[in-house]
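Visitor: Quick check, what structure comes out for this input:
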Amino acid sequence: MAATTHAASMSFLLSHPQSRSATPSCHLPLHLAARRVRCATDAAALSPAVNTKHRRTADENIHEEAARHPALKQGLSAWYEPFPPAPNGDPNERYSLDEIVYRSSSGGLLDVWHDMEALARFSGAYWRDLFDSRIGRTTWPYGSGVWSKKEFVLPEIEPDHIVSLFEGNSNLFWAERLGRDH
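Guide: Residues are numbered from 1 along each chain as shown. Okay, here's the model as predicted:
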């Protein structure tokens, strides 16, 4: 049993080099290619590897794929509040992010507020690992630079209601000559 557990944890570490280990000084460099190592000691370990890619079939569309992966209900929320608060306005004035609202009831601007206590229930390492795991992936809708951080953008939206072209995460390059000439 111990050999199987060790093999599974080694397999995880080698297939997820960006994950943080329990001992910080014992992590793998990020430039190594992800490799899967299996140390088979019993018949169960000799079974074929389970395909962990969640790719849609040829006859399934992106909307159906998103519906197959329901969003986790983490109790996160965000809303609009007047900015700055009106001196004689309602101190409890807030609007859902689903509402089409351009101004507060006093005509002021609106700002997006997040339930910071709910966000703080998860450690910084959790958020870093979650967002790092989504970079450059094609799992709907997290392939986009914005939607890879869905919990910070619009936490209540269901994945199958997101419209995206997987924009963002574009490679940036030096355009020194362009900057100099224009």
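Visitor: Give the residue spans of this structure that score low on pLDDT.
Guide: Along the chain, segments meeting pLDDT under 70 span 1-56, 60-73, 169-172.
Visitor: Would you map out the domains in it?
Guide: 2-44, 63-74+120-161, 78-118 (automatic domain parsing).
Visitor: helix, strand or coil for residue 180?
Guide: In three-state terms, and counting by DSSP: H, G, I helix; E, B strand; the rest coil, residue 180 is helix.
Visitor: so how far is residue 88 from it?
Guide: Separation of residue 180 from residue 88 (Cβ to Cβ, to the nearest Å) stands at 53 Å. For every residue, glycine as well, the C-beta is placed using N, CA and C.
Visitor: Give the next helix or strand downstream of the helix or strand where residue 126 lies.
Guide: Element membership of residue 126 [criterion: DSSP states H and E] is helix 124-134. The helix or strand immediately downstream of helix 124-134 is helix 150-153, counting by DSSP H and E.
Visitor: Which helix or which strand is home to residue 81?
Guide: Using DSSP H and E, residue 81 falls within strand 78-83.
Visitor: same deal with residue 164?
Guide: According to DSSP H and E, residue 164 maps onto no helix or strand at all.
Visitor: Please renumber the chain so that the first residue is 781 from this point on.
Guide: Done: numbering now begins at 781, and the last item shifts to residue 944.
Visitor: pretty sure it contacts residue 924?
Guide: Yes. Contact criterion Cβ atoms under 8 Å: residue 944 and residue 924 qualify, at 4.4 Å.
Visitor: between the two, who's got more neighbours?
Guide: Neighbour tally, residue 944 and residue 924, criterion other Cβ atoms under 10 Å: the higher count belongs to residue 924, 20 against 16.
Visitor: check contacts around the more buried one.
Guide: Contact criterion Cβ atoms under 8 Å, 6 or more residues apart in numbering gives 944-949 as the residues in contact with residue 924.
Visitor: got the phi/psi numbers for it?
Guide: phi -80, psi 150 (degrees, to the nearest 10).
Visitor: roughly how far apart are it and residue 946?
Guide: From residue 924 to residue 946 the distance is 5 Å (Cβ to Cβ).
Visitor: Show me where this structure has its helices.
Guide: Secondary structure of the chain (DSSP state H): helices at 782-795, 842-848, 896-900, 904-914, 930-933, 956-961.
Visitor: got a list of contacts for the shortest one?
Guide: Contacts made with helix 930-933 from outside it, assessed by Cβ under 8 Å, 6+ apart, are listed as 851, 854, 856, 894, 899, 907, 910, 921-922, 926-927, 937, 939, 942.
Visitor: Noted, bye for now.
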